[in-house]
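Take this sequence and fold it.
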Amino acid sequence: LPYRDARGKLIDSGSHLEAFDQAVEWGRKARHRHLPEVGHRIGIGYATYVEGVGPSYFGTSGRWTAGDGAQVRIEPDGNVTVSSPVIDMGQGTKTMVATVAAEALGVSVDDVEVRLGDTDVTPYGLGSFGARSSIVAAGGIVKAATEVRAKVLQIAAHKLEAAVEDLAIESGHIHVRGSMESSISFKEVAAAAYFRTFELPAEMTSGLSATAVYESEGVDHLPDSNGQMNACVSYSNSTHVAVVDIDLATCDLSVIDYLVVHDCGPLINPEIVEGQIHGGVAQGIGGAIFEQMLYTTDGQPRATSLADYLVPGPCEIPRLEVEHLESPSPVTPLGIKGAGEAGATGPAAAIGNAVADALGQFEVEIVETPITPQLIWTLLKESQQ
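Coordinates of the predicted model:
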């Protein structure tokens, strides 16, 4: 790495072989751990993929950009307000934004207020899609916070009569390195910046706020003369392993064990990424073996409510293991990559391969989803003809 494929996709980092090797080793152990009952077949399937993150928006809307703005402001009371155009749809964006801002400034997460997606109060941006939120939000926040942090240090240095390079910020306080006796809080710095401007260094303007725009590097918005295009700023990678049990008498299919080895670079909040993957795998299992859109001959959907549309519940989701690898991208802020579709991408292929493995003696080929008992029965019947 880096590696550019035939379509122009530039994979700058990853743990592709390591993830696959870990998955294969887990699969070998799972083969011995899960023994079939009489009349059943056990199958193990693998799916390895890369996920493009932080894509160009041109293919969706014709807007020629891949970046977003962010604003970081220290309020007069010393607390921090961060505004970003990305949106929280349950994927933990608010926590991510607060965490990045807190670490960039040197304050507690509890002291950060987050405003997302409101076009009246946030800088312009494209929002959340394509596993981009962490990349573009962190990029803008780090740039803006760096500017604000520099001003905080200048004010603190002036009031403490110290050199900027001799100061450190910890837990919302600025102090001389190696000594907490000579220190000043963010609240005191904010008071000087807003209310006691005569205490500011000469020629410094009042206020503690900065707005910055992060533009992703190396993202193409159109193919080049060779038809190649790198449409994403970076690429996450993963290998999924599914273990299935098939009852040959009823053709009932169950996913009984599952592993995800995933790499989206450094993890800002590991618990949130873990939850994202768990939820995505559950959604992927639903699409692979349960959820089916059926229509009448005149195009009317037969499933009109959840009473007609089969989705997996807790009893249908197996024990799920997640292993995290972290290979930083050299071109994204903090080296991070996205994990938006991390869990949902792999299940259909992994489960399909597992079913093919379980029914290997019948030489069936899985080419469609959902893999329902009816589909399995049909495939077995065709294999006997």
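
Looking at this protein, name the residue that lies furthest from the middle.
For the chain, the residue at maximal distance from the C-alpha centroid (CA atoms, centre = their mean) is residue 385, at 46.6 Å.

Need the pLDDT of that residue.
Residue 385 is assigned 82 on the pLDDT scale.

now residue 304
At residue 304, pLDDT is 88.

For residue 362, see how far away the residue farthest from the centre of the chain is.
From residue 385 across to residue 362, the span is 11 Å (CB to CB, to the nearest Å). All C-beta spots, glycine's among them, are computed from the backbone N, C-alpha and C.

Nearest residue to residue 10 in space, please, no chain neighbours.
residue 230 (4.5 Å; CB to CB, 6 or more residues apart in numbering).

and if you look at residue 35?
residue 42 (7.1 Å).

Pairing partners for the helix or strand containing the one you found, with directions?
Using DSSP states H and E, residue 42 sits within strand 40-55. Its sheet considered, strand 40-55 pairs with strand 232-247 (antiparallel) by DSSP bridges.

which parts of the partner strand are buried?
Of the residues in strand 232-247, 232-247 count as buried by neighbour count, 16 or more other CB atoms under 10 Å.

what's the most distant pair in the residues you listed?
Between any two of the buried residues of strand 232-247, the greatest separation by CB to CB is 45.8 Å, found for 233 and 247.

which residues sit against the helix or strand hosting residue 99?
Assigned by DSSP H and E, residue 99 belongs to helix 93-105. Identification of contacts with helix 93-105 by CB atoms under 8 Å, 6 or more residues apart in numbering yields 72, 74, 80, 82, 84, 86-88, 108-109, 111-112, 114, 116, 128, 133-134, 137-138, 141-142, 145-146, 148-149, 152, 169, 268-269, 272, 334.

now, which of those residues lie within helices?
The helices, defined by DSSP state H, take in 133, 134, 137, 138, 141, 142, 145, 146, 148, 149, 152, 272 from these.

Let me have those in CSV, adding neighbour count, pLDDT and distance to residue 220 as columns.
As requested, the ones in helices among the contacts of helix 93-105 are exported to CSV (neighbours: other CB atoms under 10 Å; pLDDT from 0 to 100; distance: CB to CB, whole Å):
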residue, neighbour count, pLDDT, distance to residue 220
133, 30, 89, 21
134, 33, 91, 21
137, 28, 92, 22
138, 27, 94, 22
141, 29, 96, 25
142, 21, 96, 24
145, 27, 97, 29
146, 14, 97, 28
148, 22, 97, 33
149, 21, 97, 33
152, 24, 97, 38
272, 18, 91, 30
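
can you tell me which two in the residues you listed are farthest apart?
With CB to CB as the measure, no two of the ones in helices among the contacts of helix 93-105 lie farther apart than 152 and 272, at 28.2 Å.

Low-confidence stretches in the chain?
In the predicted model, the chain carries pLDDT under 70 at residues 58-66.

Show me the domain layout of it.
3-57+225-383, 67-214 (automatic domain parsing).

Flag every buried residue along stretch 211-221.
211, 212, 213, 214, 216, 217, 219, 220, 221.

what sits against the fourth one?
It stands for residue 214. 67, 68, 69, 70, 136, 138, 139, 140, 142, 143, 333.

Return the closest of the residues you listed with respect to residue 178.
Using CB to CB, residue 142 is the member of these that lies nearest residue 178, at 26.7 Å.

thinking the closest one is in contact with residue 333, fair?
Yes - contact criterion CB atoms under 8 Å: residue 142 and residue 333 qualify, at 5.2 Å.

Spell out the residue ranges of the strands in the stretch 201-350 of the chain.
Under the criterion DSSP state E, counting those that start in this stretch, strands of the stretch 201-350 of the chain are mapped to 209-214, 232-247, 253-263, 319-325.

Could you give the number of residues near residue 250?
Using other CB atoms under 10 Å, residue 250 is surrounded by 11 other residues.

oh sorry, the question was meant for residue 197
13.

Which residue is the nearest non-sequential neighbour of it?
Closest residue to residue 197 apart from its sequence neighbours, by CB to CB, 6+ apart: residue 206 at 4.8 Å.

from what I can see the one you found touches residue 196, true?
No - counting by CB under 8 Å, residue 206 stays clear of residue 196, with 9.7 Å between them.

in stretch 262-276, what's buried?
Buried residues in stretch 262-276 (16+ other CB under 10 Å): 262, 263, 264, 265, 267, 268, 269, 272, 273, 274, 275, 276.

Surely the fifth one touches residue 326?
Pointing back at residue 267 there. Yes - counting by CB under 8 Å, residue 267 touches residue 326, with 6.6 Å between them.

Next, the spatially most central residue of the chain: phi, psi?
By CA atoms, centre = their mean, the mean C-alpha position of the chain lies nearest to residue 339, the distance being 2.2 Å. Residue 339 adopts backbone torsions of phi -140, psi 30, taken as degrees, to the nearest 10.

contacting residues for the residue nearest to it when sequence neighbours are not counted?
Leaving aside its chain neighbours, residue 339 sits nearest to residue 264 (4.3 Å; criterion: CB to CB, 6+ apart). Taking CB under 8 Å, 6+ apart, we find residue 264 in contact with 53, 236, 273, 336, 337, 338, 339, 342.

got the residues you listed as a markdown table, with distance to residue 177 columns?
Below are the contacts of residue 264 laid out as a markdown table (distance: CB to CB, whole Å):
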| residue | distance to residue 177 |
| --- | --- |
| 53 | 37 |
| 236 | 38 |
| 273 | 34 |
| 336 | 29 |
| 337 | 34 |
| 338 | 36 |
| 339 | 36 |
| 342 | 40 |
